[in-house]
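Any chance you can model this:
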Amino acid sequence: MFSQATDDGAVGAKPVRDATVRIDTTATKAPRALIVEQTTRLVELFRGSARANELDVVDIVDWMLATGARIGEAVSLRTAETAG
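The predicted model follows:
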């Protein structure tokens, strides 16, 4: 889409053309699971947040906790891939 806009002169350049991603390769600790108390507190915080409820973050967090899905898996899920 931006290629077309660039070709038509609507924009000067693609906005992410020169974007880079920094990956921290110095991490020495593996990720760890939350303990039960941390998980409970996390859910309470999200459920108590009007903004989180408005954005359906509560549903996503509940689904991630129920399935063990990581954030990358959660954001790549398509509604056509779900039952119901």
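
Can you report how many residues neighbour residue 17?
8 (other Cβ atoms under 10 Å). The way it works is simple: take the backbone N, C-alpha and C, and place the C-beta from them, glycine included.

same question, residue 14
When neighbours are counted by other Cβ under 10 Å, residue 14 registers 13.

Where does it sit: helix, strand or coil?
Under DSSP: H, G, I helix; E, B strand; the rest coil, residue 14 falls in the coil class.

Residue 74 too?
Going by three-state DSSP: residue 74 is helix.

Now it: closest residue in space, sequence neighbours ignored.
Excluding its sequence neighbours, the residue lying closest to residue 74 (Cβ to Cβ, 6 or more residues apart in numbering) is residue 64, at 5.3 Å.

Just read off the phi/psi values of that neighbour.
phi -60, psi -40 (degrees, to the nearest 10).

check contacts around it.
Contacts here follow Cβ atoms under 8 Å, 6 or more residues apart in numbering; on that basis residue 64 touches 70-71, 74.

How about residue 46?
Counted by Cβ under 8 Å, 6+ apart, residue 46 has contacts 52-53, 57-58, 61.

Determine which two of the residues you listed are furthest apart.
53 and 61 (11.0 Å; Cβ to Cβ).

low-scoring stretches of this structure, by residue?
Counting by pLDDT under 70, the chain contains low-confidence ranges at 1-2, 81-84.

ranges for the helices of it?
2-7, 36-47, 50-54, 57-67, 71-76 (DSSP state H).

I would like the residues contacting the third one, please.
Okay, so that is helix 50-54. Residues contacting helix 50-54 (Cβ under 8 Å, 6+ apart): 45-47, 57-58.
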